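1. Predicted model and sequence follow; I will ask about them next.
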Amino acid sequence: MSDLADDPAEFWNRRHDLPVEPTTDEEVAARSGDDHLVVLFDLSDRTSEAFGSMLDRLDAFDSLAVAPSRYLHVTVTVVGDVTTAGGRSGTVAPTDLDALADDLGEALTDVAPFDVRFPRLNVFPTVVYAEVDDGGQFVALNDRACAVDAVPVHDRDRQFVPHAALAEFRDEDVTGVVDALERDRSLDVGPVRVDRLDLVRVGLDDRFPRFERLRRFALD
């Protein structure tokens, strides 16, 4: 996502001038490359019913590819790619996964569980998402994860906006979506207890891939 800001209100204020960056169905079909490693909070087993009616509402728009409930999550950071061709920043050899998970676990110790709410919808250039109301907790988790030596710091980390993506733009005709959100973008999901994070491996063969959990980090 090239057009970054660090405040959800700024994205909403620019909704009519949004530099939309869709991911077309053709682009998804042509994907190839290494699996990603992501630290995230998995929402699928706690909020699928609460988000269900909103996902159904978004599914009415042809310009959107709506996420299945199993995909719902809040990303803490993208750790890198799993590859045997090492030497590049942001790559992890399969043999180094356990050590990386250990380092992340150490970085995420002494973090107390907290509650999060999802009060309303908003738009990035790439997705429709649920805003996160957490008192800055996910930003602090992002800072901790990015302090691990093997974890690259991206522009999106420097201007980190926690969110739960609900749908991707598949073309640039987003006027109907924005108009509908202007009429009502309320959501009011939560509180949801954040008491664990996962390090997952994510393939590229699907728009909304399944997560292979490599390590779970309990918050306590």
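-> Sure thing, it's come through.
2. give me every residue that touches the residue nearest to Pro68 when sequence neighbours are not counted.
-> Using Cβ to Cβ, 6 or more residues apart in numbering and skipping the chain neighbours, the partner closest in space to Pro68 is Phe208 (5.8 Å). In this view, the C-beta of every residue, glycine as well, is placed from N, C-alpha and C. Taking Cβ atoms under 8 Å, 6 or more residues apart in numbering, we find Phe208 in contact with Ala65, Ala67, Pro68, Tyr71.
3. Check Leu58 too.
-> Taking Cβ under 8 Å, 6+ apart as the test, what Leu58 contacts is Leu64, Val66, Val128, Leu166, Ala167, Val177.
4. Pick out whichever of those sits closest to Ser44.
-> Distance to Ser44 across those (Cβ to Cβ) is lowest for Leu166, with 12.5 Å.
5. Tell me if I am right that the closest one is in a strand.
-> Yes. Assessed with DSSP: H, G, I helix; E, B strand; the rest coil, Leu166 lies in a strand.
6. okay, now it: neighbour count?
-> Counted with other Cβ atoms under 10 Å, the neighbours of Leu166 add up to 23.
7. circling back: can you tell me the SS state at the residue nearest to Pro68?
-> coil.
8. Check what pLDDT it gets.
-> Looking at Phe208, its pLDDT reads 95.
9. And for the one 5 residues further on?
-> Among the per-residue scores, Arg213 shows a pLDDT of 96.
10. May I have the strand or helix carrying it exported as CSV, CA atoms only?
-> Using DSSP states H and E, Arg213 sits in strand 211-218. Extracted C-alpha coordinates of strand 211-218, given in CSV (Å, rounded to 0.1, in the frame of the first residue of the first chain):
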residue,chain,number,x,y,z
PHE,A,211,-3.1,-19.8,8.2
GLU,A,212,-0.6,-22.5,9.2
ARG,A,213,0.1,-21.8,12.9
LEU,A,214,3.8,-22.3,13.7
ARG,A,215,3.8,-20.9,17.3
ARG,A,216,1.3,-19.5,19.7
PHE,A,217,2.3,-16.7,22.2
ALA,A,218,0.2,-16.4,25.3
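11. before we move on, back to that, are any of the contacts of Phe208 buried, and which?
-> Ala65, Ala67, Tyr71 (16 or more other Cβ atoms under 10 Å).
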